[in-house]
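Novice: output the structure for:
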Amino acid sequence: MKNRVPRALRRATTLLAVAATAVLSACGESVTEPTVDGLVIADIVLETADGEIIYSHIDHWHGFAIVDRGSALDVTVHFVPRSTHPDDHDVASRDQWFTLRDHPEYGLDVVIEDPALATWAGDRVSGRLTGSQSGTTRTSFVVRRGGTTIFEAPPLNTVVR
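Specialist: Numbering: from 1, shown residues only. Purely as a prediction, here's the structure:
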């Protein structure tokens, strides 16, 4: 009696051999990672004139902006190229911070959800948050290069008291 291999088993073995050959041949090829053209921003750090730090961490903020009605809060906008580990909620060290001062091809858009409560006036590096009416709104910070969004922070809770 001949020892015959069932047709389905032969076919599965052939398919496995073809797949293994494809994987092994791909290992020898050079794989190129995509490159980022320009600035890399992972997080944003806001520093108020009185030294208070408010910063985003991946998808949320640590702190929130508080401004009194009829008053202004001066803010410098810093960025960080790499996020800390998801379980590490400390602000990045100051030596990692940078501003857009040396990057004239990038712009900073700051949008307040309810402009009746607060307004923002500033440039790519700093601005002034002014409270108009008591209430809570959200503020968005977006970095663009031309029409391309490079970075968008999660909305920041902003309180006018």
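Novice: tell me where this protein has helices.
Specialist: Applying DSSP state H to the chain gives helices spanning 7-27.
Novice: now the residue nearest the centre of it: how far from Ser56?
Specialist: Residue closest to the average C-alpha location in the chain (CA atoms, centre = their mean): Ala42, at 4.1 Å. Distance, Ala42 to Ser56, by CB to CB, to the nearest Å: 9 Å. C-betas here are computed from N, CA, C, even on glycine.
Novice: check what pLDDT the residue nearest to the centre of the chain gets.
Specialist: In this model, Ala42 is scored at 93, pLDDT.
Novice: was I right about it contacting Gln96?
Specialist: No - assessed by CB atoms under 8 Å, Ala42 is found out of contact with Gln96, at 9.7 Å.
Novice: give me the common contacts of those two.
Specialist: Listed as contacting both Ala42 and Gln96 by CB atoms under 8 Å, 6 or more residues apart in numbering are 80-82.
Novice: which among those residues gets closest to Thr136?
Specialist: Closest approach to Thr136 among those (CB to CB): Val80, at 26.2 Å.
Novice: what sits against that closest one?
Specialist: Val80 neighbours (CB under 8 Å, 6+ apart): 41-45, 92, 96-98.
Novice: these into JSON lines, with extra columns for distance to Glu105?
Specialist: Below are the contacts of Val80 laid out as JSON lines (distance: CB to CB, whole Å):
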{"residue": "Ile41", "distance to Glu105": "14"}
{"residue": "Ala42", "distance to Glu105": "19"}
{"residue": "Asp43", "distance to Glu105": "21"}
{"residue": "Ile44", "distance to Glu105": "18"}
{"residue": "Val45", "distance to Glu105": "21"}
{"residue": "Ala92", "distance to Glu105": "23"}
{"residue": "Gln96", "distance to Glu105": "21"}
{"residue": "Trp97", "distance to Glu105": "20"}
{"residue": "Phe98", "distance to Glu105": "14"}
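Novice: out of the residues you listed, which are buried?
Specialist: Neighbour counting by 16 or more other CB atoms under 10 Å classes 41-45, 92, 96-97 among those as buried.
Novice: tabulate the residues you listed (JSON lines), appending distance to Ala153.
Specialist: Shown next, in JSON lines, are the buried ones among the contacts of Val80 (distance: CB to CB, whole Å):
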{"residue": "Ile41", "distance to Ala153": "9"}
{"residue": "Ala42", "distance to Ala153": "10"}
{"residue": "Asp43", "distance to Ala153": "8"}
{"residue": "Ile44", "distance to Ala153": "5"}
{"residue": "Val45", "distance to Ala153": "10"}
{"residue": "Ala92", "distance to Ala153": "14"}
{"residue": "Gln96", "distance to Ala153": "16"}
{"residue": "Trp97", "distance to Ala153": "14"}
